[in-house]
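**Student:** Predicted model, plus sequence, below.
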Amino acid sequence: MRISVIVPITGLNEDGLAERVKVLNSIKRPDTVIEFYRSVSGPPAIETRVDHDLAVPEILRLVKEAENKGSDAAIIWCAGDPGLESSRELVDIPVVGPRQASFSIAMNLGSNPTVLPPPLPVLELRKDLEKTMRLAEKAARDLMRSSNSDVLILGCMGLFGLARKLSINLGIPVIDPAEAALSMAETLAHLKLRHSRLTYPKYEPPSR
């Protein structure tokens, strides 16, 4: 199966992209081919509602391109799920949001899942992973005390690869949205399931 990953930011350099390609290829199913599509305009990172909205036009363009090129499913590479519902109206392949996929898994693991916000600006998360891990663990412990969380979801795709160590250190499940999104996309493609047109009507306005 072919899974397309839509990268909706412009601030990711070639090394950063290569790191993400390597990680996803290490956890994919043997029959999965992962293809990356990158925005050519829009915000360097998605950290505000404005960034979220500015990213959507490129997301829609790339999701449609992925469908036209034969992808079986698409993932929006942002834990805020920008453009998710409109993408599902636009195309006939499954479109997966990492945040939504993570919550779907989390509800099978506990009763009070909570999102762990990134402890640093998005584009700084991979510069010093030891620092990022230290800050993330501190923030996670504070969140567990304040909210009684029994499952944590990493709140940014830039935190990929840290979930297992955090889970061991904290003693509760920690979900990596990158892994959750890929697993969900592969499952939907394998089962040949598509989003309901009752919830996501096909984009065919009468005026067009």
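**Tutor:** Done, it's in.
**Student:** and for stretch 183-198, what are the contacting residues?
**Tutor:** With C-beta atoms under 8 Å, 6 or more residues apart in numbering as the test, stretch 183-198 has contacts from 1, 3, 28-29, 32, 72-75, 88, 92-96, 101, 104-105. C-betas here are computed from N, CA, C, even on glycine.
**Student:** run the last query once more with 10 Å
**Tutor:** Residues outside stretch 183-198 that contact it (C-beta atoms under 10 Å, 6 or more residues apart in numbering): 1-5, 27-29, 31-32, 34, 71-75, 85, 87-89, 91-98, 100-102, 104-105, 176, 200.
**Student:** Just the buried residues from the residues you listed, in ChimeraX please.
**Tutor:** Restricted to buried positions by 16 or more other C-beta atoms under 10 Å, the ChimeraX selection for those reads:
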select :1,2,3,4,5,28,32,34,71,72,73,74,75,87,88,89,91,93,94,95,96,97,98,100,101,102,105,176,200
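**Student:** show me what contacts the residue lying closest to residue 176 once chain neighbours are set aside?
**Tutor:** Spatially, and ignoring its direct neighbours in sequence, residue 176 is nearest to residue 163 (3.8 Å; C-beta to C-beta, 6 or more residues apart in numbering). By C-beta under 10 Å, 6+ apart, residue 163 lies in contact with 102, 116, 136, 152-154, 173-180.
**Student:** One more: residue 149?
**Tutor:** Per C-beta under 10 Å, 6+ apart, neighbours of residue 149: 106, 110, 111, 112, 113, 114, 115, 116, 140, 143, 170, 172.
**Student:** Not counting sequence-adjacent ones, nearest residue to the first one?
**Tutor:** The reference is to residue 106. In space, residue 106 is closest to residue 113, 3.6 Å off (C-beta to C-beta, 6+ apart).
**Student:** Could you check how many residues crowd around the one you found?
**Tutor:** By other C-beta atoms under 10 Å, 20 other residues sit near residue 113.
**Student:** related to what we said a few turns ago, for the contacts of residue 149, which single residue is the most surrounded?
**Tutor:** residue 116 (25 neighbours).
**Student:** what about the residue nearest to the spatial centre of the chain, distance to residue 182?
**Tutor:** Closest to where the C-alpha atoms of the chain average out (C-alpha atoms, centre = their mean) is residue 98, at 3.1 Å. Between residue 98 and residue 182 the computed distance is 9 Å (C-beta to C-beta, to the nearest Å).
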